[in-house]
Every structure is written in structure tokens, then in C-alpha cells.
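> for reference, the sequence and a predicted model appear below.
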Amino acid sequence: MPQNPQSLFDTDELVINMGPQHPSTHGVLRVVLRLDGERVVDADVVIGYLHRGVEKLCEHRDWTQIVLITDRMDYVAAATNNLGYCETVEKLMSFEVPRRAVYIRTLLSELQRIASHLVWLGSHAMDIGAVTVFLYCLRERELALDLFEEYSGARLTYNCMRVGGMPFDLPAGFDRKVREFCDIVEEKLLEYETLLTQNRIWLERTRGVGVISAADAVAIGLSGPSLRASGVLRDVRKDEPYAAYADLEFDVPIGGAGDTYDRYLVRLEEFRQSTRIIRQVLDGMPEGPVMGKVPRLIKPPAGETYHAIESPKGELGYFIVSDGKALSPYRFRVRPPSFCNLQALRQLVRGHLVADVVALIGTIDIVLGEVDR
Amino acid sequence: MIDSVLIPLFKIVILLVGVLTAVAYMVLLERKVQAWVQVRLGPMRVGPHGVLQPIADVVKLIIKEDITPARADRWVYTLAPILVLVPALIVFAVIPIGESITMFGREVPLYLTDINVGLLYIVSVSSVGVYGIILGGWASNSKYPLLGALRASAQLVSYEVAVTMTLVSLILMAGTLSMVGIVEAQREAGLWYIFVQPVAFVIFLIGGLAETNRAPFDMPEAESELVAGFHTEYSGIRFALFFLAEYANMIVVSAVATTLFLGGWLRPFPNVAVLAPLGLVPGWAWFLLKTFLFLYFFLQVRATLPRYRYDQLMRLGWKVLIPLAIANLFVTGAARVLL
């Protein structure tokens, strides 16, 4: 018996540790929740369990080797990581990449966006209990991985771009296969939508959950679909076009309410825009070499540059400093969208229920490999 | 002697073996149905198409190490799974599988017993299981099971109210609490109660899903939130008992629904003479078929729907189902008085 009988009736906050080995924290995220009953009073997000020191590692590799390390950050979207790095170094070297290479890069990054969004949709739906959607999504992702495998030989960490261009031309018949893939994705999207979009339970679980206003979203530094769902029109592909996006026509979907449902709708629309972009890229694919004439030993002149691309998760930026003498970057810094978007989690989960926490971890679409680097 | 001891004993053994086998194969069926919906194969390794998988599972669960967490309340921790399983099994005593059949020149009724408060017995016994869940979660001395157990008990208690209300409407219709009597009443009325009481049927179905902790109401063990809910700390055979109880409860709910709404062992449209050839199929076969349809419904729902959130589930229970069930009860009562 407690000394003070009154303390028997005291209500205490329950501190609960979600992760790093929790089934739905998408890897090794640890969230320390303070609960009042089922309601979250506060949350502490603990990261670092997957820290490999990517940035420091890159400062000790030469410029060509780094491509391979960037694969390992956002491992469900390796191609866009490659793209960001290669373009940054090319910008540093003021190097003009052949048009065909630029188009292939655009093609691969949009395929990657579809593959990454499929993983997101699947795991997000599974967190909310719709396990079937997860398996359907992975089924379609397989097809995307098959395409990547055909191009680069790898299915996860492709290492498929080089500073100055692309290592290979497109394999024969790739064009037709990609078009088929786009048809399949568009058809299967309807299947996912049948299961989720108008599902009452799905609506109740996502509408009004984790609302983040436009001003807050900007203040936190959200980017990508999570930012656009709050109604902020910001897409690096439109605002600071890179690769071949300046030539292409596409819409940037934005949401209004900034809740989990809007983030879901925005990403679903991005699937459609991606297939639209892919078709345009295939139609307008120029002929020519895929690799520019880069020196055998890549050594950018002294200087520093920042270059960002729109990865599936948001703005992926590279800040690279070269001293012009060493064979590796002097300073290598990544602005990872997952890390910045994760900032929002604490604000998102406050006041919600435990069940929403997993939905909210899912909705901001993080990959721990990129958060921790 | 034979009538009072041997035959009931024999029936008990058959019933227990039957239910436990059914439970084991329910698990396999569930995995298979889920797999087919999700374009997978499901278990394929043990036996052809995985038909021996349940046996492998049982063997594995029995020989697995049975861990009791340090500082757990040993007695309660051991008692909890038993407290969950036993009620789930003894409920079967009053469920009529079929009419009497003649066996070795003896009239043998296809139920263990027909007590005059059968339905009341089912309701009261099956609610004892909640204690097992709370105690299991509490005795584990761990946070996730505690949260899971609290959720489970709140959920079960609230849905029981709605379900019991619908049962009262049915009792008003049948005028008896005996399970056999209810089926007989449907035979006399000439139609299944699902056609007379569609609202009650829907409420019972939803409540049944919730009471058995099945998707979309599987909050107590929502693995994406609470790891495994109230049985997180359980392993080995004690975990198996919880598991058995869950599936046994599914069968109970399906069997009760069959008896109350689908006319138990009666053939479809018992009053339509044209369909008389359907009567050639024995009653117990109809009963098993109908029960299986319910079970399949459970599995299909799980593969299709996302999960409700705890507060939404409570809202659905208290603000929608219970008022609806009470209204249904009033309408039924009024109709009985006036007509």
C-alpha cells in the first residue's frame, strides 16, 4: 500500500516506448510517447539508430565512388539520390550533360517516384490495418524494380548514374515495357482507390488527423507531398527545374486541409502525374550519346554549391564544397527530406491517440536510412 | 447409465475434438483466404497445399519455451489464458448442431444439452472471457499488454450491450430462451429470423466482429500500434490458448448467428414445399454450411477493411449500435403486442 491513500487515485502519465524495434515505426525510429490514457500528451522522436556517417564517409571517397554511397541513404528511392548528387557535381564543374542522358535520368526518377510512393502507400495502409493494399502495392513495385533491374542490374541500390551522364543506354524494348508499366499502374491505382479512397473507415482514420497549416508546414521546413498537401505550391521540379522537367508538362497537385487524407490524395495524384511525365519523356527521347566527355579523374574546381531536386519524399539537396586539390569533396552535406519532414511528427501527434501515431509516422513518408544517414 | 453418462461423455469428447480441430483449420483457412485475396499462395510447405500446417503449428507451440516475464504475477498470468479459453469452449454445450438422429437404434439429439435458459447461458458464459483478457494484460506487468487489455475490455463490454439488446428482440420473437426452441420457433413461423429482424442481424454481425476482436475492430491486438496487445508477453502453449480462444469465439458467434438468424439446422425456406428436396441434406450439414459462411465472412472482412480507431469504435458502439438496438427492441415489442 502506498503511504498516502490519496495517491492510489492519482492519475499518472504513462510513458511508452515505441521502437526502435516496433513493428510499425518503419525501420528503427524510436518514439517516446507520454500518454494520458490513450491520448498522446507529448512525443520525443529519437533518431540515430541507422547512422552510418554517410556525409563523413563521402568526404573520404573520390567523386565517382560517392554515387554508390548515396544509394544507401533513401534506399527506396536510390535513383533520385544518384540524380541529386550527379547534378550537383556537374553544376560544380559547369558540365553540360548530353540531352539523352538528361531524359533517361528524368525517366528513371519518375519511375522511382512511382516505386517509392507504392512503398509509402502500402506501408501507410498497413499501419491503418489494410494489409491487402500493402501486398498489392508491392506487387506493382516489383514491376518497377524489374525495369530498374533491366537497366542497371540492381533492384534496390542501383548506382545507375554517373557524373557527366549515364553509364548505359536504354536496353532494347525498354520503351515499350515502361509504357506497359504505366498502363498497369494507372489501372491498379483504381484498385487501391476502390479499397481506400471512399472507405468510411479510411476516411475516419485519415480525415482531420494530423492537420498542419500551411504556415506551420513552411515553418517546420516540410517539403514534398507533405508540404503540398497543406496547400503550399512548392515543387522543385517546377520552381527550379532540373533534369528535363523544364520541357515537360505536368501539374503539381496541392491539398487544402493539410490532413492525412489530403497527403494521401496528393500522393495518389502524383502517381498519375508521374505516368504522364514518363509518357512525355518517352515520346520526346532525343538520340545521341548518354555519357558526356568528362575527364578520367573527376576533380571539380574549388568552390561550393547547393543543388536540390524533388525526390519522392521532398526536397533533396546536396551542398558540396570542393577545394579543387583533393580527390574527394572537402565538405559533403545532404539536406534529406525525411529528416526535415520528421520534425513535424512531434507537432502532428500531440493530442492524438496512440493509434494515430502510426498513421502519422506513415503519412510523412520517412525512410530511416535517409533520416540518420 | 448409458443415457445419462456415456452418451453425454461421448458427445463431449466429439464436440471438443471437433471444435479444436475446426479451430486449428480455421487458422489455416484464414491464412489461405488472406493469401488468395492478397495474390499470394499462403502456407504451402507442410503437406500438400499446407494442409498439415495446423499440426506443425500446434507442435511448435507446445514445444516452445514458455516464458513468464520477471515480476509478472505468476498465478494470474497462468490463470488468464485458461479463463479465456474455457468459456469459449463450454458455450458449445448448448448450441444445437442438428435435430435428433437415430444411431444404433437410439434417438440421439445432436446437442449436448438443451437448457431452458440457453441464450442467457451463452451470453453470460462468453462474457467471462473478458476477465481473462484483463487479468492477462495486467499480470504481464508490461505497458503494451496493459493498454491492449484495457482496450479489449472496454470494447467487449460496450459491444456486449448492443448484441444482448438484439438477442432480447429475438427472444421476443421466439418466446423462448432455449436454443432448440428458437430454431423450432423459426420452423413454425416458416421463415428465418434474418428476414424478420434484418436490423438485429446487422447489429449482431457488427457486434460479433467487435466481440471476437476481429478486423476492423481488432484494436486490442492492433499489431501496428500495440505490438500484440494483451498477449504480447505470452509465448508457447499459453499463447496458443489465447489464440485458440479467439478462433473458438469466432465459431461461437457464427454458430449463434446461424441458430438465431439463419434457422440453425433448418433448410432454406422451410415452409416452401417446392424446395422440399433440399430437406434430403441432413440438418447438421446445413448448420455447418451456414456457420462456415459466417466464418468466411469474418475472414473476407479482415482482408478488406482497414482498422477502426479506438474512440471511433466506442462511438460506433454507444452512439449508433446501442440506440439502434434499443429502437429495434421497442419496435419488435410493439409489433408483438399489436399484431
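Received the coordinates, thanks.
> which one is whatever residue of the stretch 101-250 of chain A ends up closest to chain B nearest to, not counting chain neighbours?
Closest residue of the stretch 101-250 of chain A to chain B, C-beta to the nearest C-beta: A:Gly129 (2.7 Å). To be clear about C-beta, it is placed using only N, CA and C from the backbone, and glycine gets the same treatment. Leaving aside its sequence neighbours, A:Gly129 sits nearest to B:Arg307 (C-beta to C-beta, 6 or more residues apart in numbering or on different chains; 2.7 Å).
> pLDDT below threshold where in the stretch 51-200 of chain B?
B:103, B:105 (pLDDT under 70).
> so which bits of it are right by chain A?
Applying C-beta under 8 Å from any C-beta of the partner chain, we find that the stretch 51-200 of chain B lies next to chain A at B:143-144, B:147, B:151.
> is it correct that A:Gly205 is in contact with B:Tyr310?
Small correction: residue A:205 is Arg, not Gly. No - between A:Arg205 and B:Tyr310 there is no contact, the gap being 11.1 Å when judged by C-beta atoms under 8 Å.
> find residues that contact each of those two.
Residues touching both A:Arg205 and B:Tyr310 by C-beta atoms under 8 Å, 6 or more residues apart in numbering or on different chains: A:Ala355.
> I'd say the residue nearest to A:Gly129 and B:Ala210 touch.
No - under the criterion of C-beta under 8 Å, B:Arg307 is not in contact with B:Ala210, lying 11.8 Å apart.
> intersection of neighbour lists for the two?
B:Phe217.
> what about whichever residue of chain B sits closest to chain A, distance to A:Leu222?
Chain A sits closest to B:Arg307 of chain B, with a gap of 2.7 Å, by C-beta to the nearest C-beta. Taking C-beta to C-beta, to the nearest Å as the measure, B:Arg307 and A:Leu222 are separated by 27 Å.
> kindly report the same for A:Tyr261.
In this view, A:Tyr261 and A:Leu222 are 17 Å apart by C-beta to C-beta.
> neighbour count: those two, which is higher?
A:Leu222 (28 against 24; other C-beta atoms under 10 Å in any protein chain shown).
> please name the residues that touch the more buried one.
Shown in contact with A:Leu222 (C-beta under 8 Å, 6+ apart): A:212, A:230, A:314, A:340-341, A:343-344, A:364.
> same question, A:Phe168
A:151-152, A:290.
> hang on, A:Arg333 is in a strand, isn't it?
Yes - with DSSP: H, G, I helix; E, B strand; the rest coil as the criterion, A:Arg333 is part of a strand.
> A:Glu287: neighbouring residues, count only.
6.
> touching, it and A:Arg100? I think so.
Yes - using C-beta under 8 Å, A:Glu287 is in contact with A:Arg100, at 6.5 Å.
> identify each buried residue in the helix or strand where A:Glu304 lies, please.
Take DSSP states H and E as the rule and A:Glu304 turns out to sit in strand A:303-311. Buried residues in strand A:303-311, defined by neighbour count with 16 or more other C-beta atoms under 10 Å in any protein chain shown: A:305, A:307-311.
> my read is B:Ile133 is in a helix, agree?
Yes - secondary structure of B:Ile133 (three-state DSSP): part of a helix.
> nearest residue to it other than its sequence neighbours?
Closest to B:Ile133 by C-beta to C-beta, 6+ apart is B:Ala152, at 4.7 Å.
> repeat for B:Val58
That would be B:Ala24: by C-beta to C-beta, 6+ apart, it lies 6.4 Å from B:Val58.
> and the helix or strand encompassing the one you found, what does it pack onto?
Using DSSP H and E, B:Ala24 falls within helix B:7-37. Packing partners of helix B:7-37 (3 or more C-beta pairs under 8 Å, 6 or more residues apart in numbering or on different chains; DSSP states H and E): helix A:131-152, helix B:53-63, helix B:236-261, helix B:283-304.
> swap the cut-off to 10 Å and go again
For helix B:7-37, the elements it packs on are helix A:131-152, helix B:53-63, helix B:74-90, strand B:106-109, helix B:236-261, helix B:283-304, judged by 3 or more C-beta pairs under 10 Å, 6 or more residues apart in numbering or on different chains; DSSP states H and E.
> contacts only, for the residue nearest to B:Val58.
Shown in contact with B:Ala24 (C-beta atoms under 10 Å, 6 or more residues apart in numbering or on different chains): B:53-55, B:57-58, B:243-244, B:247.
> give me the buried entries from those residues.
Looks like the contacts of B:Ala24 have B:53-54, B:57-58, B:243-244, B:247 buried, using 16+ other C-beta under 10 Å.
> circling back to that earlier point, return the distance of the strand holding A:Glu304 from the chain's centre.
Strand A:303-311 sits 16 Å away from the centroid of its parent chain (C-alpha atoms, centre = their mean, to the nearest Å).
> partner strands of that strand, with direction?
Note on strand A:303-311: by DSSP bridges, its sheet partners are strand A:314-322 (antiparallel).
> distance from the strand it pairs with to the middle of the chain?
15 Å.
> any idea how far B:Arg238 is from the closest residue to B:Tyr77 other than its chain neighbours?
Sequence neighbours aside, B:Ala139 is the residue nearest to B:Tyr77 in space, at 4.1 Å (criterion: C-beta to C-beta, 6+ apart). Remark: distance between B:Ala139 and B:Arg238 (C-beta to C-beta) = 11 Å.
> all helices of the stretch 51-200 of chain A, in order?
A:54-58, A:66-71, A:78-93, A:99-127, A:131-152, A:174-195, A:200-206 (DSSP state H, counting those that start in this stretch).
> picking up where we left off before, would CSV of the residues of the stretch 51-200 of chain B next to chain A with neighbour count and secondary structure be doable?
What follows is these, written out as CSV (neighbours: other C-beta atoms under 10 Å in any protein chain shown; DSSP: H, G, I helix; E, B strand; the rest coil):
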residue, neighbour count, secondary structure
B:Lys143, 17, helix
B:Tyr144, 22, helix
B:Leu147, 27, helix
B:Arg151, 27, helix
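> is it possible to get TSV of those that adds distance to A:Asp356?
Formatted as TSV, those follow (distance: C-beta to C-beta, whole Å):
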residue	distance to A:Asp356
B:Lys143	18
B:Tyr144	17
B:Leu147	14
B:Arg151	14
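> what is the burial count for B:Trp36?
13.
> ignoring the adjacent residues along the chain, who's closest to it?
Nearest residue to B:Trp36, sequence neighbours excluded (C-beta to C-beta, 6+ apart): B:Gly42, at 7.2 Å.
> would you check that that neighbour makes contact with B:Val51?
No - assessed by C-beta atoms under 10 Å, B:Gly42 is found out of contact with B:Val51, at 11.1 Å.
> find residues that contact each of the two.
B:28, B:32.
> those two: who's more crowded?
B:Gly42 (17 against 13).
> doesn't the more buried one belong to a helix?
No - using three-state DSSP, the assignment for B:Gly42 is coil, not a helix.
> does A:Asn17 touch A:Ala43 like I think?
No - here A:Asn17 does not reach A:Ala43: they are 11.1 Å apart, not a contact under C-beta under 10 Å.
> what about the two, which has more around it?
A:Ala43 (21 against 15).
> give me the distance from stretch B:50-70 to the chain's centre.
Taking mean C-alpha positions (C-alpha atoms, centre = their mean), stretch B:50-70 and its chain are 23 Å apart.
> my error: substitute stretch A:205-215 in the last question.
20 Å.
> now do the end-to-end distance for it.
24 Å (C-alpha to C-alpha, to the nearest Å).
> please apply the same query to stretch A:55-73.
Span of stretch A:55-73 from end to end, C-alpha to C-alpha: 10 Å.
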